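Engineer: next input, structure requested:
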Amino acid sequence: MALGLAACATHAPPRAAPPAPHHGGIARPAPSADRVKIGQPYFVMGHWYTPADDRAYDVTGIASWYGPGFHALATASGERYDQDGISAAHKTLPLPCFVEVTNLDNGRVLTVRVNDRGPFVDGRIIDLSRKSAQLLGVDRPGTANVRVRRVFPDTITVAALAPPPVPPPLPANVPVAPIPAAEPGAAPGTIFIQVAALSDGGRAEWLKGFLLGFAPAAVERSPAGLWRVRLGPFANAADATPILARVQAAGYTDARTVVAVAGR
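Structural biologist: Numbers count the residues shown, from 1 in each chain. Presented below is the predicted three-dimensional model:
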């Protein structure tokens, strides 16, 4: 199956599609239940590229971004490109994987999910989605000096804007408050996925940043003083179900659909 490749940047030439990658092993530890694709060497715009599972990847270079012209088109991983998602393209890292991108021009840091190939422009090492570029302050200048470092769930320490201090990653067994299930026939737009209810607001913000790769996320304070981390809203339970399955597969097994009720 032919898989599309996203653009290098707003002014970069279009990419040629490399051969469809074969399935490799599952990255350990896996950020989700996704099957990782490493792929065969491929030739694009006069250069050969050899995908590899480089777990120690840590490189500085130029970042660019790509957006509207490729929204909803297939990426090299077979997923649909979402310009409003927290994602990126890389020439050789496994698909998908996670990298921490530091904008060396302004100090902002963001953890993004790599699910596409590119950018195929000399000197550029990563192509950001529009949303990722906005969060990192790359969207207006178009490019920026960045550091790109491979990260995994147990080493991700930043998933939002820097420089404010970021708490350590959320432990796998953090207790959460009881979460009521969504009621049948709930009004449209009132259904959310509640991933956790935490006493630590800093960790709640970290979790929110990580979850932006799944759906719009928010943190709110409950009357009991807990910080609720939620995805949504969703128009109905059917829309929420596939996102809930992905969140639970990523390790947040206590996540549930809930109906937002004023004052609760």
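Engineer: after the helix-or-strand element of the chain with minimal mean pLDDT comes which helix or strand?
Structural biologist: Least confident helix or strand, the chain: helix 201-211 with a mean of 77, by mean pLDDT, DSSP states H and E. Using DSSP states H and E, the helix or strand that follows helix 201-211 in sequence is strand 217-221.
Engineer: buried residues, stretch 231-244. List them.
Structural biologist: Across stretch 231-244, burial judged by 16 or more other CB atoms under 10 Å covers 231-234, 237, 240, 243-244. Bear in mind the C-beta positions are built from the backbone N, C-alpha and C, glycine included.
Engineer: now do that stretch: distance from first to last residue.
Structural biologist: Taking CA to CA, to the nearest Å, stretch 231-244 runs 9 Å from one end to the other.
Engineer: correct me if wrong: residue 146 contacts residue 104.
Structural biologist: Yes: when contacts are counted by CB atoms under 8 Å, residue 146 is listed as touching residue 104 (6.0 Å).
Engineer: quick check: neighbours shared by those two?
Structural biologist: residue 60 (CB atoms under 8 Å, 6 or more residues apart in numbering).
Engineer: which of the two has more neighbours?
Structural biologist: Legend: neighbour count by other CB atoms under 10 Å for residue 146 and residue 104, higher for residue 146 (28 against 13).
Engineer: could you look up the SS state of that one?
Structural biologist: Three-state assignment for residue 146 (DSSP: H, G, I helix; E, B strand; the rest coil): strand.
Engineer: quick one: the helices in the stretch 1-150 of the chain?
Structural biologist: With DSSP state H, counting those that start in this stretch as the criterion, the stretch 1-150 of the chain has helices at 130-136.
Engineer: just want the most central residue of this structure.
Structural biologist: residue 213 (3.4 Å; CA atoms, centre = their mean).
Engineer: let me see the contact set for that one.
Structural biologist: 85-87, 112-113.
Engineer: ok, which stretches of the chain are strands?
Structural biologist: With strands called from DSSP state E, the chain shows them at 42-44, 47-49, 58-66, 87-89, 97-103, 109-116, 124-129, 144-151, 191-198, 217-221, 227-234, 256-259.
Engineer: so where's the chain shaky on pLDDT?
Structural biologist: Across the chain, the ranges flagged by pLDDT under 70 are 1-36, 153-189, 261-264.
Engineer: hmm, back to that, now for the least confident helix or strand of the chain, which elements pack on it?
Structural biologist: Helix 201-211 sits against strand 109-116, strand 191-198, strand 217-221, strand 227-234, with contacts defined as 3 or more CB pairs under 8 Å, 6 or more residues apart in numbering; DSSP states H and E.
Engineer: not counting its neighbours along the chain, what's nearest residue 243?
Structural biologist: Computed as CB to CB, 6 or more residues apart in numbering, the closest residue to residue 243 that is not its neighbour in sequence is residue 215, at 5.1 Å.
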